[in-house]
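A.B. asks: Turn this into a model:
(chains A, B, C and D)
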2 protein chains.
Amino acid sequence: MTVKLSDIADQAGVSVMTVSNVMNGKHARVSKATIDRVLEIAERLGYVPNIPARSLAASRSHIVAALVPVGEEGSLLFSPHTVAVIGGVERHLRHRGYHVLLRGIERDDEIAQTIRGWSLDGAILVEFTDAQIDRIRIDGVPLVAIDSYSANPRTIGVRTDDHRGGWLAGACLAEAGHRRVMFAGPPYEGMGVVGQRWDGFRAACVAAGVDASKIVREEVLTSFEDGRALGLRLLRDHPDVTAVFATADVLAVGIMAGVAEAGGSVPGDLSVIGFDALDISGYTTPGLTTVAQDMDAKVAEVARIILDEIERGEGPRAPVSLGVRLIERGSVAAPRR
Amino acid sequence: MTVKLSDIADQAGVSVMTVSNVMNGKHARVSKATIDRVLEIAERLGYVPNIPARSLAASRSHIVAALVPVGEEGSLLFSPHTVAVIGGVERHLRHRGYHVLLRGIERDDEIAQTIRGWSLDGAILVEFTDAQIDRIRIDGVPLVAIDSYSANPRTIGVRTDDHRGGWLAGACLAEAGHRRVMFAGPPYEGMGVVGQRWDGFRAACVAAGVDASKIVREEVLTSFEDGRALGLRLLRDHPDVTAVFATADVLAVGIMAGVAEAGGSVPGDLSVIGFDALDISGYTTPGLTTVAQDMDAKVAEVARIILDEIERGEGPRAPVSLGVRLIERGSVAAPRR
DNA sequence: GTGAAAGCGCTAACAT
DNA sequence: ATGTTAGCGCTTTCAC
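C.D. replies: Got it, this is the predicted structure:
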């Protein structure tokens, strides 16, 4: 029923190994004539390689896993950003003959189990906390951690230049003339993403002459609802604040909605700047000014690193930071007087 | 290095087959004492089954693929809806010992190749057009097509009750008193999703006494920008229209933005109703009234069908439609006078 | 209830 | 440039 290497070998009058070599592009070892003949027969017979067999024999699978932590609820519900990363990486890998296994991780040890059980060639760790990445003890397989600031030498971090992103946001507000600003984001997680953005933001503000001690920090969860709640009370509770930097677009959009609901106007009463440049940042009125990362570059980088490690075995290297840029829409203006 | 069945067998003083049976829960064939002993040793040794080996020997993989078409760009960039489906199904399958392979499809024949090459146990087809589903000629593997109205007997359709969703939207507008309404959606694709929504919508309107010939149909792509463009000219071009049903939330949100930009108000000058109940429908001011589908039920149903087919071999059955309900927020009100 | 034999389809490591 | 030998770790089949 199913066509295998030996079928082709029989018809071509060569050994199975020769066919295998042809199929795997080890053309150095086979004559041109044989290659052509084998290829032609394979094509005619409709040969499809058996992946499990190849994985078993070679103890490598051509599979890279996308590992995502699952919470109590259990469902993988990744952010738009994660979707873009996984979707983009899948394309690069597919074009190079690799496949992507999607796997939710409930307990730490499932990472190692998955890698061993599948003879995975590599794994991408998405949305894990730095603490989780720190705990990883797996060697021999390239592990790329997205948006992580863990110092774990067994993983390679690929992330946005969050510090510079924060700086851009701060500089944008300061340049517009704001001197009383707010930083709204989730609670600090060590020197992770949020910490970097905060540092960069503060540095830019200070460099522009803002009194650092006057920067208001609000801890809010990264959700529309929490942003809205903040927006509703912001103008009343902080009458001196004229601009806010939210560490995520959803949050910023929520703040804008809350401010509007409370009768305020953006950017009339309050300037708002976000981070991520999600679709939604273009859906508001006015559009949300935000810090964007170059997703194409990020995705290409992740794929490149994994592939290089797998095929050329180039050892782990320093974390990679990707550039950011400011997208100016309409939510930032001069402070009210 | 790696622990295998034979290692456990050695230590337990039984044959490999017995260990295999224990591991696969074929407890009928093994004595309780042996089961316990084997399990204990496996645990102690840290046994992890080798998936490729099992797939090769059993010619079934415990893998279900999530197949997604890729366009020219090449990247998998699925909608929030697709993300929810895949993420949710992954959880159900994982808990039953299955895995999800994520695969972009460029050409039709890649579907069959992927299924054969991996000995896939099943596949879920996401975001394919009805025409693509129609063309599928694969037997022996459960194929679940999401949101498809194809009549291909080799696939099982799982979809939203779009007709009823359209009806709910129409009834909602008619009940609020609207008699001049617009239907905005992408070009008709046979009797697919859009056609169903249109049919249901029109039927509800007519049932409520709306003159069917007066229902305006606008063909727009499902994007914020196209919605916005429509919103910008809507009040001017169609001064008699007092309400619009958009077949997708992004579109509805775009329309709301366009209307606002043109100086109109929602729902003062125009009522708007969407479809999908995406997050963004809650982000607007006022909130978007929209038709929601029960995603949890949908995901559970997809998983159930695949698993039933795989494990009990229950043949293909009729398509499954899942319920919808209206979510009333603030974008629908009585027509202006 | 348990086990021995045979092989799934492929590749690594040598031959030749 | 091509072939041979030996598995990879597991399950199937059938015997005990």
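
A.B. asks: Export only the CA atoms of the helix or strand containing residue A:89, formatted as CSV.
C.D. replies: Applying DSSP states H and E as the criterion places residue A:89 in helix A:80-95. This file holds the C-alpha atoms of helix A:80-95, laid out as CSV (Å, rounded to 0.1, in the frame of the first residue of the first chain):
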residue,chain,number,x,y,z
PRO,A,80,-1.3,37.9,19.5
HIS,A,81,2.4,38.3,19.8
THR,A,82,3.0,34.6,20.5
VAL,A,83,0.7,33.7,17.6
ALA,A,84,2.8,35.8,15.3
VAL,A,85,6.0,34.2,16.6
ILE,A,86,4.8,30.6,16.3
GLY,A,87,3.1,31.2,12.9
GLY,A,88,6.2,32.9,11.5
VAL,A,89,8.7,30.4,12.8
GLU,A,90,6.6,27.5,11.4
ARG,A,91,7.0,28.9,8.0
HIS,A,92,10.7,29.2,8.2
LEU,A,93,11.1,25.8,9.6
ARG,A,94,8.7,24.2,7.1
HIS,A,95,10.7,25.6,4.2
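
A.B. asks: Need the contact partners of it.
C.D. replies: By Cβ atoms under 8 Å, 6 or more residues apart in numbering or on different chains, the residues outside helix A:80-95 that reach it are A:64, A:66, A:68, A:78, A:99-100, A:102, A:124, A:126-127, A:146, A:276, A:278-279, A:295-296, A:298-300, A:302-304, A:306-307, B:70, B:74-78, B:80, B:83, B:102-104. Where C-beta positions appear, they are placed from N, C-alpha and C, glycine not excepted.

A.B. asks: Can you say which of these are buried?
C.D. replies: A:64, A:66, A:68, A:78, A:99-100, A:102, A:124, A:126-127, A:146, A:276, A:278, A:295, A:298-300, A:302-303, A:306-307, B:70, B:74-78, B:80, B:83, B:102-104 (16 or more other Cβ atoms under 10 Å in any protein chain shown).

A.B. asks: quick revisit: which of the contacts of helix A:80-95 fall in helices?
C.D. replies: Among those, DSSP state H puts A:295-296, A:298-300, A:302-304, A:306-307, B:80, B:83 in helices.

A.B. asks: Residue A:209: neighbouring residues, count only.
C.D. replies: Here the number of neighbours of residue A:209 (other Cβ atoms under 10 Å in any protein chain shown) works out to 8.

A.B. asks: How about the one 10 residues further on?
C.D. replies: Using other Cβ under 10 Å, residue A:219 has 13 other residues around it.

A.B. asks: And residue A:221, by the same measure?
C.D. replies: A count of nearby residues for residue A:221, using other Cβ under 10 Å, gives 14.

A.B. asks: Assign it to helix, strand or coil.
C.D. replies: coil (DSSP: H, G, I helix; E, B strand; the rest coil).

A.B. asks: same check, this time on residue A:179
C.D. replies: Note that with three-state DSSP, the state of residue A:179 is coil.

A.B. asks: again, but for residue A:272
C.D. replies: Going by three-state DSSP: residue A:272 is strand.

A.B. asks: separation between residue A:251 and DNA strand C?
C.D. replies: Between residue A:251 and DNA strand C the distance is 49 Å, computed by Cβ to the nearest atom of the strand, to the nearest Å.

A.B. asks: contacting residues around the residue nearest to that residue when sequence neighbours are not counted?
C.D. replies: Once flanking residues are discounted, residue A:251 sits nearest to residue A:227: 4.2 Å by Cβ to Cβ, 6 or more residues apart in numbering or on different chains. Contact analysis of residue A:227 by Cβ under 8 Å, 6+ apart lists A:184, A:220, A:246, A:250-258.

A.B. asks: let's go with 6 Å and repeat that
C.D. replies: A:251, A:254-255 (Cβ atoms under 6 Å, 6 or more residues apart in numbering or on different chains).

A.B. asks: Rounded mean pLDDT for whichever helix or strand it is part of, please.
C.D. replies: Assigned by DSSP H and E, residue A:227 belongs to helix A:224-237. The average pLDDT for helix A:224-237 rounds to 97.
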